[in-house]
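Novice: Compute the structure for the input listed below.
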Amino acid sequence: MTVAKKAARTDLADLVELAHRLADLSAAQILPHFRNLDGVANKAEGADFDPVTVADKAAEKAIRAAIREAYPGHGIVGEEFGETLGHDRYRWIIDPIDGTRAFIIGSPLWGTLIGLLESERPVLGLMNQPFTGERFWAGADGARYRGPGGERVLATQTCPALDRATLTTTCPDLFAEGFERERFEAVSERVLTRRFGGDCYNYCLLAAGHLDLVIEAGLQPHDIVALIPIVERAGGRITQWDGSDAAAGGRIVASGDPKLHDAVLELLGQR
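Specialist: You can find the predicted model right below:
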């Protein structure tokens with residue numbers, strides 16, 4: 001191993017260690033409010049509903065402060081407080097509570113997402129679910145899980161046939177009437193079974209080999225960047241519906257078996 005490669009590997013290991021510390025700090029801010037909320041604010045205008053809680057804001061503030069202390073040159077993009085520009089090649093992409101709607105009704109199907117871009121390429125991802133005590137992450141050495149049953153390597157399951165696949169999406173309301181709804185139904189009517197709900201948790205279950213497909217639309221970068229390394233380093237594939245880079249968000253499909261992915265892309269792209 002060259003000196004440069006060894007330095008890069010050590011650097012990423014340090015960044016993964018920081019991501020774990022960020023997860024711990026955010027959990028300390030979030031858990032006192034779970035199933036104990038004083039109120040929910042609406043960030044959206046008009047009839048739309050985009051909830052935010054004191055837990056979202058407190059967690060993101062804690063994460064931002066720790067990143068600035070450790071790496072003041074890094075950029076930060078968070079769902080609640082926007083972008084802080086940096087002068088380094090690294091940019092953290094943060095969603096303090098992905099699945100706020102689940103959070104406010106007391107469901108544990110939410111998580112803290114901590115992603116890292118290096119020159120716009122996702123290199124690190126972590127999803128923390130502090131209520132269930134589960135953590136999924138990926139760095140240079142693959143994807144891993146830590147939870148009540150211990151720690152293990154993550155690996156997706158083999159499922160090359162669509163009629164044997166388990167499909168999830170957070171909510172069918174994510175898909176706009178017309179093209180998006182029609183394309184989602186074109187896939188979902190061919191699968192073995194489908195389930196709704198889950199937000200970021202679905203992608204981690206896919207990485208752990210428990211389901212085969214996640215299809216969503218209308219995602220922002222903070223919804224997906226952290227999950228890309230977890231899915232890919234567990235052996236899966238994740239892209240936009242047209243096969244392009246998932247890091248920009250938008251219409252997203254993740255497949256546990258890469259052989260399944262092309263067939264799903266063909267169905268999703270038909271007009």
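Novice: what about the protein, any weak spots by pLDDT?
Specialist: 1-10, 45-47, 271 (pLDDT under 70).
Novice: For the residue nearest the centre of it, give me the backbone phi and psi.
Specialist: By Cα atoms, centre = their mean, the chain has its centre lying nearest to residue 227, at 3.6 Å. Dihedral pair for residue 227: phi -80, psi -20, per degrees, to the nearest 10.
Novice: Confirm for me that it is in contact with residue 200.
Specialist: Yes - shown here, residue 227 and residue 200 form a contact pair, counting by Cβ atoms under 8 Å, at 6.1 Å. Heads up, the C-betas are built off the backbone N, CA and C, glycines and all.
Novice: what is in contact with the two at once?
Specialist: 113, 127 (Cβ atoms under 8 Å, 6 or more residues apart in numbering).
Novice: rewinding a little: so the residue nearest to the residue nearest to the centre of the chain when sequence neighbours are not counted is in which element?
Specialist: The shortest distance from residue 227 to any non-neighbouring residue, by Cβ to Cβ, 6 or more residues apart in numbering, is to residue 203 (4.3 Å). When elements are assigned from DSSP states H and E, residue 203 belongs to helix 200-207.
Novice: Skip ahead from that helix and say which helix or strand is next.
Specialist: Downstream of helix 200-207 (by DSSP H and E), the next one is strand 213-219.
Novice: May I have that following strand as CSV, with CA atoms only?
Specialist: C-alpha atoms of strand 213-219 as CSV (Å, rounded to 0.1, in the frame of the first residue of the first chain):
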residue,chain,number,x,y,z
LEU,A,213,-36.4,-3.3,-3.6
VAL,A,214,-37.0,0.2,-2.4
ILE,A,215,-38.6,2.7,-4.8
GLU,A,216,-39.3,6.3,-3.9
ALA,A,217,-39.7,9.8,-5.4
GLY,A,218,-39.3,13.4,-4.4
LEU,A,219,-36.2,12.8,-2.2
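Novice: outside of it, which residues touch it?
Specialist: Contacts for strand 213-219 (Cβ under 8 Å, 6+ apart): 165-170, 174-176, 180, 184, 187-188, 191, 202-203, 206, 241, 249-256, 260, 264, 268.
Novice: what number of residues lie near residue 262?
Specialist: As a burial measure, residue 262 scores 11 neighbours (other Cβ atoms under 10 Å).
Novice: State the three-state secondary structure for it.
Specialist: helix (DSSP: H, G, I helix; E, B strand; the rest coil).
Novice: How much space separates it from residue 69?
Specialist: 44 Å (Cβ to Cβ, to the nearest Å).
Novice: which of the residues in stretch 216-230 are buried?
Specialist: Neighbour-count burial for stretch 216-230, with 16 or more other Cβ atoms under 10 Å as criterion, is recorded at 216-217, 219, 221-230.
Novice: okay, the residues you listed in TSV with distance to residue 119 next?
Specialist: Below are the buried residues of stretch 216-230 laid out as TSV (distance: Cβ to Cβ, whole Å):
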residue	distance to residue 119
216	26
217	27
219	22
221	15
222	18
223	21
224	18
225	13
226	17
227	19
228	15
229	15
230	20
